[in-house]
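[1] Following is a predicted model, sequence given first.
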Amino acid sequence: MQFTKKATVTAPAICAELRASHAGETGAVWIYKGILLVNRFKRDSDIETFAKHHLATEKEHLSQFENLIDRFRVSALLFIWILAGFTMGALSAVLGKNWVYYTIYKVESFVDVHYQQQISDLSKLDFLDKAEIISMMKVCNADEQAHRDEALNAMTGKPNLIMRMWGKLVGSGSHCAVIVAKLL
Ligand SMILES: [Fe+2]
Ligand SMILES: [Fe+2]
């Protein structure tokens, strides 16, 4: 995706959206790094293929937002989003294969709704490279939907009560993270 090169003053609302998505894509990269680190010991080839493929996509998403980095202030809490992503990924991988798939399903379900909301909100505003940025977000969103569906299809059984509670925590944690990242 090609963007206008020069640095520009970006309206606070757009800056906040870009910061939240940059934080989210950073967290996503680290979720898969956490999964892959634990999987070095578990040596599950399905998880390795799944996580490596998703990691490559998330790195591509992150680099797209980094191309726009002169348009927004990066989250001051980026280290927290890295730590949270890594911990979520690593913990799910320790708990088991189904936990990994369910965690990714819940994260990507949240991200799908978030991108859709963001695309709808940004469509109503005017800003530099609007068409390119919205189309970039649509491509990211389509990838997240594919990740979500892939994770759901890979599940080997229904989530138990503890997993469902974990899933709610993942969803509400992601929701809070977006609110905070828009501000900080
Ligand atoms: Fe992503
Ligand atoms: Fe994703």
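    Arrived safely, thanks for sending. Residues are numbered from 1 along each chain as shown. Ligands and ions are numbered 1, 2, ... in the order given.
[2] What lies in contact with stretch 68-81?
    3, 7-8, 10, 14-16, 18-20, 22-24, 26-27, 30, 128, 133, 177, 180-181, 184 (CB atoms under 8 Å, 6 or more residues apart in numbering). C-beta coordinates here come from the backbone N, C-alpha and C atoms, glycine included.
[3] Give me the distance between the nearest residue to residue 184 once chain neighbours are set aside and ligand 1.
    Sequence neighbours aside, residue 76 is the residue nearest to residue 184 in space, at 4.9 Å (criterion: CB to CB, 6 or more residues apart in numbering). Applying CB to the ion, to the nearest Å, the value for residue 76 to ligand 1 is 21 Å.
[4] Count the residues that sit near residue 76.
    Residue 76: 12 surrounding residues under other CB atoms under 10 Å.
[5] Please state the backbone phi and psi of it?
    Dihedral pair for residue 76: phi -70, psi -20, per degrees, to the nearest 10.
[6] Show me which residues of the chain sit near ligand 1.
    When proximity is defined as CB under 5 Å from the ion, the chain approaches ligand 1 at 25, 28, 58, 61.
[7] Including neighbour count and pLDDT, could these go into JSON lines?
    Shown next, in JSON lines, are these (neighbours: other CB atoms under 10 Å; pLDDT from 0 to 100):
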{"residue": "25", "neighbour count": "25", "pLDDT": "94"}
{"residue": "28", "neighbour count": "27", "pLDDT": "96"}
{"residue": "58", "neighbour count": "25", "pLDDT": "96"}
{"residue": "61", "neighbour count": "24", "pLDDT": "96"}
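[8] Of those, which belong to helices?
    Of the residues of the chain next to ligand 1, the ones assigned to helices by DSSP state H are 25, 28, 58, 61.
[9] which one is the third one nearest to, not counting chain neighbours?
    When the adjacent residues along the chain are set aside, residue 58 lies closest to residue 28, with 4.3 Å between them (CB to CB, 6+ apart).
[10] Run through this protein and note the low-pLDDT ranges.
    Scanning the chain for pLDDT under 70 picks out the ranges 1-10.
[11] Point me to the residue of it nearest ligand 1.
    residue 61 (3.8 Å; CB to the ion).
[12] ok, now how distant is that residue from residue 141?
    10 Å (CB to CB, to the nearest Å).
[13] Restricted to buried residues, select the contacts of stretch 68-81 in ChimeraX.
    Selecting the buried subset of the contacts of stretch 68-81 in ChimeraX, with 16 or more other CB atoms under 10 Å as the burial test, is done by:
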select :10,14,15,16,18,19,20,22,23,24,26,27,30,128,133,177,180,181
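[14] Specify the local secondary structure of residue 126.
    coil (DSSP: H, G, I helix; E, B strand; the rest coil).
[15] Quick check: phi and psi at it.
    phi -120, psi 130.
[16] Fine by me, thanks again.
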